[in-house]
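**Q** Build the 3D model from these lines:
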Amino acid sequence: MDMNFFPQAAGLNRGTTHRGKTWKAMEAYVIRHPGTRMFVRPTYLDSTWCPAELDYGILVGERLWNESFNNTD
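**A** This next block holds a predicted model:
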């Protein structure tokens, strides 16, 4: 049952780091705007189930708000 689940760096998940605050701001935007098109793309550098990087994209009007996050901290 771990399909579409992966470990996320605590600072991102909890919003306690500078980049984590950006992650949380993006999550908050999606929550405030139901139906917003978004994606999270994990990038793996090895055969583990923990991605090294996460790309998060949100369509804001006609603009793509896209950020890359290090997931190893």
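**Q** which residues in this structure form helices?
**A** 10-14, 18-32 (DSSP state H).
**Q** Just the CA atoms of the shortest one, as CSV, please.
**A** Extracted C-alpha coordinates of helix 10-14, given in CSV (Å, rounded to 0.1, in the frame of the first residue of the first chain):
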residue,chain,number,x,y,z
ALA,A,10,11.0,16.8,7.9
GLY,A,11,11.9,20.4,7.3
LEU,A,12,9.8,20.4,4.1
ASN,A,13,6.9,18.4,5.5
ARG,A,14,6.7,20.5,8.7
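**Q** Same question for it: list its buried residues.
**A** Gly11, Leu12 (16 or more other Cβ atoms under 10 Å). From N, CA and C alone the C-beta is placed, and that goes for glycine too.
**Q** What is that helix packed up against?
**A** helix 18-32 (3 or more Cβ pairs under 8 Å, 6 or more residues apart in numbering; DSSP states H and E).
**Q** which outside residues touch the helix it packs on?
**A** Residues outside helix 18-32 that contact it (Cβ atoms under 8 Å, 6 or more residues apart in numbering): 9, 11-15, 36, 38, 56, 58, 60, 65, 67, 69-70.
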